[in-house]
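Q: Need the 3D shape of this:
(chains A, B, C and D)
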Protein chains: 2
Amino acid sequence: MRLNQATDYAMRAILYLSGLPYGQVIEAKLISEEERIPIRFLLKILRLLIQANIVQSHRGVNGGYSLAKPASAITMLDVVEAVEGPIAINRCLHSPEECNKFFSKHCPVHEALFEMQECMKEHLGRYNFQMLRERVK
Amino acid sequence: MRLNQATDYAMRAILYLSGLPYGQVIEAKLISEEERIPIRFLLKILRLLIQANIVQSHRGVNGGYSLAKPASAITMLDVVEAVEGPIAINRCLHSPEECNKFFSKHCPVHEALFEMQECMKEHLGRYNFQMLRERVK
DNA sequence: TGAAATGTTTACTGAAAAGGTATAGTTTAT
DNA sequence: ATAAACTATACCTTTTCAGTAAACATTTCA
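A: As a prediction, the model looks like this:
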């Protein structure tokens, strides 16, 4: 019931990028040092964020990474799902055929977990990185 | 970001016990068969639930398990914490010294995650097994 | 009183996921 | 043409998950 280390790193990286003037490109190494994230691992995570259209990469000399859209348009939910895939608090809620008992509208445990899951998603979706950035200052 | 299989089994076992007349003792094998939980694994989980004072065991012939308190006094949070330990959405929120950047009041990501964590705990704490049992019928 | 039915304790195992590293590229500014 | 960036793929080590096994302890009741 824990977020990955990778997700934590991802959020810190995005928070860092959100503190720069919009559109500014910055190399991975710098993010790695500022946020104390192992460089190789960071590069791997950044690729997930590119796929999710959260950051953009720029190759070649003076290349690096920048946000793909304004910080105000990036939520914590976006980042979590980019790194971990869709949130599913329980196996059943991900793929009902994995439920070895009774995935059905009549399983109150799974119903309650589903409600909680949606609540979490709403919660994460409410925070964008512009807001979070403002809280840093 | 998922609950264990063990937690899912635990909740189903408790839901099952909650459907019996209060105080009734039932052997693990029956729970195992009804809920399709591997017996050895169930026994292991039941021990965690005993430690958390959620179920009681009765040894010897005609032994088995029963709830240690009324279903209305057992919440989903109790069961989750009994099986998985205290909820911590993020390493930092569990033990700040594991935070390799900045666990502090000034890390807005961790603050936001903490809020979400508390929200989840409230949510899970609101469901007791009497309520859940009523939803089965 | 002793055999059978229950739970208890401790240890083990195989597979998957987490977390991170390595190597050999490709692209681009200068 | 070269160096500074990113990319792709594969690999590795450790931990966690999910489950199993074997030997033991307790209780009932015939």
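Q: Check the secondary structure at the closest residue to DNA strand C within chain A for me.
A: In chain A, the residue that lies nearest DNA strand C is A:G60 (2.1 Å; CB to the nearest atom of the strand). C-beta here means a position set from N, CA and C on the backbone, and glycine is covered the same way. Counting by DSSP: H, G, I helix; E, B strand; the rest coil, the backbone at A:G60 sits in coil.
Q: Tell me how many other residues surround it.
A: 6 (other CB atoms under 10 Å in any protein chain shown).
Q: ok, now A:C107?
A: A:C107: 21 neighbours (other CB under 10 Å).
Q: what does the model give it for pLDDT?
A: In this model, A:C107 is scored at 82, pLDDT.
Q: so A:A6 sits right up against A:I45, yeah?
A: Yes: using CB atoms under 8 Å, A:A6 is in contact with A:I45, at 5.3 Å.
Q: neighbour-wise, which of the two wins?
A: Neighbour totals were compared for A:A6 and A:I45, and A:I45 leads with 24 against 16 (other CB under 10 Å).
Q: what about the more buried one, distance to B:A10?
A: From A:I45 over to B:A10 the distance is 33 Å, taken as CB to CB, to the nearest Å.
Q: Over to A:T7?
A: For A:T7, the distance to B:A10 - CB to CB - is 26 Å.
Q: same question, A:R126
A: Distance of A:R126 to B:A10, computed by CB to CB: 31 Å.
Q: Give me the more crowded residue out of these two.
A: Remark: of A:R126 and B:A10, B:A10 carries more neighbours, 28 against 14, as counted by other CB under 10 Å.
Q: Could you report the neighbour count for A:N53?
A: By other CB under 10 Å, neighbour count at A:N53 equals 12.
Q: Would you mind listing what in chain A touches DNA strand D?
A: With CB under 7 Å from any atom of the strand as the criterion, chain A meets DNA strand D at residues A:27-29, A:43-44, A:46-47, A:50, A:57-65.
Q: pull the helix or strand with minimum mean pLDDT from chain A.
A: Least confident helix or strand of chain A, by mean pLDDT, DSSP states H and E, is helix A:91-94 with a mean of 67.
Q: hmm, the next helix or strand after it touching chain B?
A: As assigned by DSSP states H and E, the chain's next helix or strand after helix A:91-94 is helix A:108-126. Yes: judged by CB under 8 Å from any CB of the partner chain, helix A:108-126 and chain B are in contact via A:108-109, A:111-113, A:115-116, A:119-120, A:123-124.
Q: need those in CSV with neighbour count, can you?
A: CSV is the format used below for the residues of helix A:108-126 next to chain B (neighbours: other CB atoms under 10 Å in any protein chain shown):
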residue, neighbour count
A:P108, 19
A:V109, 25
A:E111, 16
A:A112, 19
A:L113, 25
A:E115, 13
A:M116, 22
A:C119, 15
A:M120, 21
A:H123, 18
A:L124, 19
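Q: Going by distance to A:E33, which of these wins?
A: Among these, A:L124 lies closest to A:E33 (CB to CB), at 27.7 Å.
Q: Contact partners for the closest one?
A: Contacts for A:L124 (CB atoms under 8 Å, 6 or more residues apart in numbering or on different chains) come out as A:75-77, A:80, B:116.
Q: got a winner among those residues for most neighbours?
A: Going by other CB under 10 Å, A:M76 tops the contacts of A:L124 with 26 neighbours.
Q: Report the central residue of chain A.
A: By CA atoms, centre = their mean, chain A has its centre lying nearest to A:V79, at 1.5 Å.
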